[in-house]
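1. Provide a 3D model corresponding to the input given below.
(2 chains)
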Amino acid sequence: MSLLRYESQVRAPLVDGTKDYHQVTEDICRPVEAKPSRLWWTGFLISLGLLLFGIISVTTEVIYGTGQWNLNRTIGWGWDITNFVWWVGIGHAGTLISAILLLFRQGWRTGVNRAAEAMTIFAVMCAGQFPVWHMGRVWNAFFVFPYPNSRGPLWVNFNSPLLWDVFAISTYFTVSLLFWYSGLIPDLATLRDRAKLKWRKAFYGVASFGWTGSTKHWQRHEALSLVLAGLSTPLVLSVHTIVSFDFATSVVPGWHTTIFPPYFVAGAIFSGFAMVQTLLLVTRKVLALEDYITIEHIDVMNKVIVLTGSIVGIAYLTELFMAWYSAVDYEWFAFKENRLNLNSPYGWSYWLMMGCNVLSPQIFWFRKMRRNLFVTFFMSILVNIGMWFERFVIIVTSVYRDYLPSAWSTYYTPTIWEVGFYLGTFGLFFTCYFLFSKFFPVIAIAEIKHILKKNGENYKAKMTKEEEDTVTQFGEHHLHEH
Amino acid sequence: MAKKKFIVGSFTDEAVLFPAVKKVRRAGYKLHDVFTPFPIHGLDKEMGLRDTSLHTAGFIYGITGTTTAVSFITWALTIDWAINFGGKPYFALPAWIPVTFELTVLFAAVGMVLTFCWLCQLAPFVKKDHFNPRSTDDTFVMALECTGSTNESEAQQFLQSIGATDVKVETRETGWWLGSYANDRMRFEKN
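-> Below you'll find the model as predicted:
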């Protein structure tokens, strides 16, 4: 009703096929109400197996200590903190889609926001594991919170970026969870009202909090969503900024740089969108939701990937330039010898990062490539490999050579338990995602209905012949008439 | 518990629902509620509901978070146990901005969600009545409350005449779970 919701007919529809409200409900509820397929069970059991491996790896580390990992005198942060930053970054795309695109009134977010938000929550859960188990004496983990204690009370250091991280990550997780669940409530009520089986009625009855769809409730729900989106937008920027402060506020060459906050945020969105692509390409196919997660959605997300990938590329070049221009010997050594030099022990990782993150996404300048599902899937994996190596490069190549050559460390390779811990978080992530896709609607039903009559294929105003013509065709058809 | 009678009708098109709401209010019936499967912008205004104050509550929770963070950190690091970090000032306000910001957001978000649940009376294990289960699928369900002066059959005919289908008289026990926004209504102005 508001003018802001005007949709140009030039824009492609966001919901394909002939749909009415009931059909939308049917399509999205079907995977939840059907028996899980063999494919689902296979994926779920593999994830569960990985999770088990992770649990064994972590148990080993807790019993025998962090010595089970190959961390050494200068590389105190190895795979674990690399994985932490990688997972947190992945989470950012979900909040970007659900919050920032809500504020920008982007209609296409409705098809992908529910799954992306779920991804955020699971990714942050995985991320949180790493700093916690890295503590070694994990039974003292609660020391990070400022609670009255018998040691003085000795408070935590509020001036430390590591403590900021505790607050940032826990707030981010809580707010994302609230945002996600408050959006789910109406859709769970839909499932409740459709339920035939007794356990379904009970489960969705409890989970939907007694939602009725009263107009006043919707009015408050809209206000809540809008304010939570407004809060989440600066929050998501602050989270990766604070993660980057873990590095940027130290005086380690390669870390001590002011470009880190924006560079980390862009990289986070970049890798997060790649993960959204990976998940949704599989989800839309397996759950037959191609009408809701259309090629249009894939296309726009690939545009975001090429944009953020290019921002990340500029950031890489800027920090490289500044390292040289600063004329600080240590800083330039970290870049020239530890990174750029392909013959240095970790030089390969820098060039792998450059190839995956800066060069390969440029393929998405071509519309044909953006709309090719195989290219998109391959690229989404490549980008996440590249982004993992970005964090690896930042951490390992900066710290493996100290100011004192006598303290330079031996080559660092992870042990089986470090690898197992990382694989275990994949297990946790995909176990959660499989359960989510089975028991919850992976697309926001109410939000799709909200945009259906503006953006649905069978409702949308069709383009006239003149509008579809190319410039030459238009000229041939019309200009010579006069 | 006391019982109340409602005239319940269903609509399938927003374009019919909007004028119907206007006609119902103009005819002077007591509009109990309209249950919809998704938010319909402008329907709250059409029904004469006032704007929600949830935003204001969120702002208050937010500044509570800000003051909690600043006052607690100030007390802990300057009064209770002042620690000298490399000769820097005890009152290091710029370094506290991140935690202060996070607590502002946390308080605002948690507070708003709890307030939302409280205002709408939503919680796990709560059961409420919304007359027609299709109202969470594809139907807009309008419920008129029968008052002493309502003629039931006339009201039913009226609902049908303005486009409602499946019109029925339903009896419900009153209670908080039915919800009522009688005090929330703004006066209907003829235009």
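2. So what's the residue count around residue 46?
-> Let's take chain A. For A:Ile46, the count of nearby residues is 15 (other C-beta atoms under 10 Å in any protein chain shown). The way it works is simple: take the backbone N, C-alpha and C, and place the C-beta from them, glycine included.
3. I was after chain B.
-> 18.
4. Next, give phi and psi for the residue nearest to it when sequence neighbours are not counted.
-> Leaving aside its chain neighbours, B:Glu46 sits nearest to B:Val21 (4.9 Å; criterion: C-beta to C-beta, 6 or more residues apart in numbering or on different chains). As for B:Val21, its main-chain torsions (degrees, to the nearest 10) stand at phi -60, psi -40.
5. Just the CA coordinates for the strand or helix carrying B:Leu159, please, in PDB.
-> If you go by DSSP states H and E, B:Leu159 is part of helix B:152-161. The C-alpha trace of helix B:152-161 is given here as PDB (Å, rounded to 0.1, in the frame of the first residue of the first chain):
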ATOM      1  CA  GLU B 152     -27.200 -12.000  14.900                       C
ATOM      2  CA  SER B 153     -28.900 -12.900  11.700                       C
ATOM      3  CA  GLU B 154     -28.800  -9.400  10.500                       C
ATOM      4  CA  ALA B 155     -25.100  -9.200  11.200                       C
ATOM      5  CA  GLN B 156     -24.500 -12.500   9.400                       C
ATOM      6  CA  GLN B 157     -26.300 -11.200   6.400                       C
ATOM      7  CA  PHE B 158     -24.400  -8.000   6.600                       C
ATOM      8  CA  LEU B 159     -21.000  -9.900   6.600                       C
ATOM      9  CA  GLN B 160     -22.100 -11.900   3.600                       C
ATOM     10  CA  SER B 161     -23.200  -8.800   1.700                       C
END
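6. mind listing what's buried in the biggest helix by length in chain B?
-> The longest helix of chain B (DSSP state H) is helix B:93-119. For helix B:93-119, the neighbour count (16 or more other C-beta atoms under 10 Å in any protein chain shown) marks B:95-96, B:98-113, B:115-117, B:119 as buried.
7. Check the residue nearest in space to the middle of chain B and give its pLDDT.
-> Among the residues of chain B, the one closest to the centroid is B:Cys120, at 5.4 Å (C-alpha atoms, centre = their mean). Listed pLDDT for B:Cys120 reads 87.
8. who touches the closest residue to it other than its chain neighbours in this structure?
-> Once flanking residues are discounted, B:Cys120 sits nearest to A:His217: 4.6 Å by C-beta to C-beta, 6+ apart. For A:His217, the contacting residues are A:Trp211, B:Cys120, B:Leu122, by C-beta atoms under 8 Å, 6 or more residues apart in numbering or on different chains.
9. where does the second one fall, phi/psi-wise?
-> It refers to B:Cys120. Reported as degrees, to the nearest 10, the phi and psi values for B:Cys120 are phi -90, psi 0.
10. just checking, it touches A:Arg220?
-> Yes: between B:Cys120 and A:Arg220 there is a contact at 6.1 Å, judged by C-beta atoms under 8 Å.
11. so what sits against both of the two?
-> Common neighbours of B:Cys120 and A:Arg220, using C-beta under 8 Å, 6+ apart, do not exist here.
12. how about the strands in chain B?
-> Using DSSP state E, the strands of chain B run over B:3-11, B:30-35, B:140-145, B:165-173.
13. do you know which of those lies nearest B:Gly42?
-> Between B:Gly42 and the strands of chain B, the tightest spacing by C-beta to C-beta is seen for strand B:30-35, at 12.0 Å.
14. And chain B, split by domain according to the record?
-> Domain assignment for chain B by automatic domain parsing gives B:3-50+B:129-178, B:54-119.
15. per-residue confidence averaged over the longest one?
-> Okay, so that is domain B:3-50+B:129-178. Here domain B:3-50+B:129-178 scores 86 as its mean pLDDT.
16. now stretch A:404-418
-> For stretch A:404-418, mean pLDDT rounds to 86.
17. what's the spacing between that stretch and its chain's center?
-> Put simply, stretch A:404-418 sits 30 Å off its chain's centre (C-alpha atoms, centre = their mean, to the nearest Å).
18. Show residues contacting it.
-> When contacts are defined by C-beta under 8 Å, 6+ apart, stretch A:404-418 is touched by residues A:57, A:60-61, A:68-75, A:78-80, A:345, A:396, A:399-402.
19. In ChimeraX, how would I select just the buried ones from these?
-> In ChimeraX syntax, the buried subset of the contacts of stretch A:404-418 is picked out as below (16+ other C-beta under 10 Å):
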select /A:57,60,61,68,69,70,71,74,75,78,79,80,345,396,399,400,401
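20. which residues sit against stretch A:266-275?
-> For stretch A:266-275, the surrounding residues in contact (C-beta under 8 Å, 6+ apart) are A:86, A:88-94, A:96, A:119-120, A:123, A:240, A:301, A:304-305, A:308-309, A:311-312, A:315, A:357, A:361, A:379-381, A:383-384, A:387, A:390.
21. Report the buried members of those.
-> A:86, A:88-94, A:96, A:119-120, A:123, A:240, A:301, A:304-305, A:308-309, A:311-312, A:315, A:357, A:361, A:379-380, A:383-384, A:387, A:390.
22. ok, which of these also contact chain B?
-> The subset of the buried ones among the contacts of stretch A:266-275 within reach of chain B, by C-beta under 8 Å from any C-beta of the partner chain, is empty.
23. Out of those, name the ones that lie in strands.
-> Assignment to strands by DSSP E places none of the buried ones among the contacts of stretch A:266-275 there.
24. Which pLDDT does the model give the residue nearest to B:Cys120?
-> Note on A:His217: pLDDT of 92.
25. Going toward the C-terminus from the helix or strand hosting it, what's the next helix or strand?
-> A:His217 is part of helix A:215-248, with elements assigned from DSSP H and E. Downstream of helix A:215-248, the first helix or strand assigned by DSSP H and E is helix A:260-286.
26. What are the buried residues along that next one?
-> Neighbour counts over helix A:260-286 (16+ other C-beta under 10 Å) mark A:260-261, A:263-281, A:283-284 as buried.
27. any idea of the mean pLDDT in it?
-> Helix A:260-286 carries an average pLDDT of 92.
28. what's the offset of that helix from the middle of its chain?
-> Relative to the mean C-alpha coordinate of its chain, helix A:260-286 is positioned 5 Å out (C-alpha atoms, centre = their mean).
29. tilt between that helix and helix A:215-248?
-> Between the axis of helix A:260-286 and that of helix A:215-248 there is an angle of 130 degrees, by axes from the mean of the first three to the mean of the last three C-alpha atoms, to 10 degrees.
30. Could you list the buried residues of the helix holding B:Leu159?
-> So, applying 16+ other C-beta under 10 Å, buried residues of helix B:152-161: B:Ala155, B:Gln156, B:Phe158, B:Leu159.
31. Go back to the contacts of stretch A:404-418 and keep what's next to chain B.
-> Counting by C-beta under 8 Å from any C-beta, no member of these is near chain B.
32. From the contacts of stretch A:404-418, which land in helices?
-> Per DSSP H, helices hold the following members of those: A:Ser57, A:Thr60, A:Glu61, A:Trp79, A:Asp80, A:Val399.
33. my read: the third one touches A:Asn70, true?
-> No: the pair formed by A:Glu61 and A:Asn70 falls short of the contact definition of C-beta under 8 Å, at 11.8 Å.
34. Next, the contact list for the residue in the stretch 251-400 of chain A positioned nearest to chain B, please.
-> Residue nearest to chain B within the stretch 251-400 of chain A (C-beta to the nearest C-beta): A:Pro261, separated by 11.2 Å. Applying C-beta under 8 Å, 6+ apart to A:Pro261 gives the contacts A:His240, A:Thr241, A:Ser244, A:Phe245, A:Ala248.
35. let's see 6 Å
-> Applying C-beta atoms under 6 Å, 6 or more residues apart in numbering or on different chains to A:Pro261 gives the contacts A:Thr241, A:Ser244.
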